[in-house]
Structures are given as C-alpha cells and as structure tokens.
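Engineer: The amino acid sequence is not available; the structure is as follows:
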C-alpha cells in the first residue's frame, strides 16, 4: 500500500479595504488627477492585485 499524502494547508483569499489621501501640487485639478493616476499606475504595476478606486479631487486649503 502506498503512503497517503495529507494536505496540510489550503488557499485562502483575503480582501482588505483601506483609505488613502494625498496632497499633490499641480496647476489645476486635472493635472493633480493625472499625477495621482501616474502614482496609482506605478503602485498597481508593483502590486498586481491592487485595485484603486478614485473618489474625488478637491483643492486643499
């Protein structure tokens, strides 16, 4: 009789939600959003499972 291999670990899916706020200096809201999107793209490239939902752009101050 062959020895039986027992599975000692199983895969688990973990979903985490977090909040992120940034202050970016730019001449207008569109430029600030473009700069933010560049940062998001770099983060998503580094962490393929990362999904960023953009909420809003407003002037700080």
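Structural biologist: Ah, there it is. The shown structure was predicted, so the numbers you read here are calculated from the model rather than taken from an experiment. Numbering: from 1, shown residues only.

Engineer: Which of the three states applies to the residue positioned nearest the centre of the chain?
Structural biologist: Closest residue to the average C-alpha location of the chain: residue 50 at 3.6 Å, with Cα atoms, centre = their mean. Secondary structure assignment for residue 50 (DSSP: H, G, I helix; E, B strand; the rest coil): coil.

Engineer: Give me the local confidence score for it.
Structural biologist: At residue 50, the model reports a pLDDT of 85.

Engineer: Quick check: it touching residue 44?
Structural biologist: Yes. The pair residue 50 and residue 44 qualifies as a contact (Cβ atoms under 8 Å) at a distance of 5.2 Å. For glycine as for every other residue, the C-beta is placed from the backbone atoms N, C-alpha and C.

Engineer: Could I get the full set of strands for the chain?
Structural biologist: For the chain, applying DSSP state E gives no strands.

Engineer: Now do the same contact list for the closest residue to residue 26 other than its chain neighbours.
Structural biologist: Ranked by Cβ to Cβ, 6 or more residues apart in numbering and with sequence neighbours excluded, the top spatial neighbour of residue 26 is residue 32, at 3.9 Å. Contact analysis of residue 32 by Cβ atoms under 8 Å, 6 or more residues apart in numbering lists 24-26, 57.

Engineer: same thing but at 6 Å, please
Structural biologist: Going by Cβ atoms under 6 Å, 6 or more residues apart in numbering, residue 32 touches 24, 26, 57.

Engineer: ditto for residue 43
Structural biologist: By Cβ under 6 Å, 6+ apart, the contact list for residue 43 reads residue 50.

Engineer: ok, 7 Å please
Structural biologist: For residue 43, the contact set (Cβ atoms under 7 Å, 6 or more residues apart in numbering) comprises 50, 52.
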